[in-house]
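**Student:** Below are the sequence and a predicted model for it; my questions follow.
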Amino acid sequence: MVSKTFDKLTSQERLEMYKCRTEFMFEALDIIEKYGGKPWLDCGTLLGAYRDGAYIPWDNDIDLGIKIEDVNEDMLTELRNTFNVRLENGTLAKNKFAAYYKKDKNGKNFKYKRCNFWFDLYIYYPGNDGYRTMTVTIHKVKEPTKIYPVPAHCVETLQQIDWYGRRCYIPSSTEDYLKQWYGESWRTPDKTWTVSPNWYERGVDNKDPNKNNKPF
């Protein structure tokens, strides 16, 4: 998600922001992995890690991906107890999406320079010849807003990279994955990019996956 506030930070403030964000992400990874999950850096977090070797300066959230078979209710319960729920919708049987805020010492949403910290947990479900995940908006939390497809080979095998001192997973077919999310121009930074309508402006090869509820 693009943040004008993040974009205005000084170099020192940005370093402090990245430190807080990284500690937050590693805490989330610890919980997910504790329950046998194998999460990977996803979406904007993956794009920054692979393309730039750092967070995207104007992106203010964390994105993690995980396959549905690695998710269970005990994991979600500990995430809810550890962080503040930003939103959750769907069920583990279908179209589950979750996002959580970092807590401060008083149990409120942690802020730095008026900015919240949260991570989106994209849960990927097997479909026809691939996997699908979905996104929601905070105004439509009961139903998936949009469902996005990725080829199976992008998430069936993972590799590890060093990310701020920790070994983290990313899709092995990283460039195919990024091309699916961001199009052919993924190598070019674009502050104006948003998930919608970009997905539906790429022609017949990327038709709206919500139609007929089909992943491809």
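**Tutor:** Looks like it came in fine.

**Student:** Okay, the residue nearest the centre of the chain and D104: tell me how far apart.
**Tutor:** Computing the C-alpha centroid of the chain and ranking residues by C-alpha atoms, centre = their mean puts D63 first, at 2.2 Å. From D63 over to D104 the distance is 22 Å, taken as C-beta to C-beta, to the nearest Å. Where C-beta positions appear, they are placed from N, C-alpha and C, glycine not excepted.

**Student:** Name the residues that touch stretch 185-193?
**Tutor:** Outside stretch 185-193, the residues within contact range by C-beta atoms under 8 Å, 6 or more residues apart in numbering are V2, D7, L47, R51, D52, I56, W58, E175, L178, K179, Y182.

**Student:** Now the fifth one. Nearest residue, chain neighbours left out?
**Tutor:** Distance criterion C-beta to C-beta, 6 or more residues apart in numbering; nearest residue to D52, sequence neighbours excluded, is P189 at 7.8 Å.

**Student:** The third one too?
**Tutor:** On the basis of C-beta to C-beta, 6+ apart, the spatially nearest residue to L47 that is not a chain neighbour turns out to be L178, at 6.0 Å.

**Student:** Next, work out how far apart that neighbour and I147 are.
**Tutor:** 19 Å.

**Student:** E78 now?
**Tutor:** Note on E78: its distance to I147, by C-beta to C-beta, is 27 Å.

**Student:** And N89, by the same measure?
**Tutor:** Applying C-beta to C-beta, one obtains 13 Å for the distance of N89 from I147.

**Student:** ok, now N60?
**Tutor:** 24 Å.

**Student:** longest strand anywhere in the chain?
**Tutor:** Determined from DSSP state E, the single longest strand within the chain is strand 118-127.

**Student:** Heading C-terminal from that strand, find the next helix or strand.
**Tutor:** strand 130-135 (DSSP states H and E).

**Student:** coming back round to it: part of a strand, is the residue nearest to D52?
**Tutor:** No. The assignment for P189, made by DSSP: H, G, I helix; E, B strand; the rest coil, is coil rather than a strand.

**Student:** can you count the residues close to it?
**Tutor:** Counted with other C-beta atoms under 10 Å, residues neighbouring P189 total 14.

**Student:** and what of Y100?
**Tutor:** Other residues close to Y100 by other C-beta under 10 Å number 24.

**Student:** can you pull the contacts of it?
**Tutor:** A28, L79, R80, T82, F83, N84, V85, R86, W118, F119, L121.

**Student:** Now do the strands in this structure.
**Tutor:** 40-41, 62-67, 84-91, 94-101, 111-112, 115-116, 118-127, 130-135, 146-151, 158-163, 166-171.

**Student:** most tightly surrounded among those strands?
**Tutor:** Compared across the strands of the chain, strand 40-41 shows the largest average neighbour count, a mean of 26 (mean count of other C-beta atoms under 10 Å).
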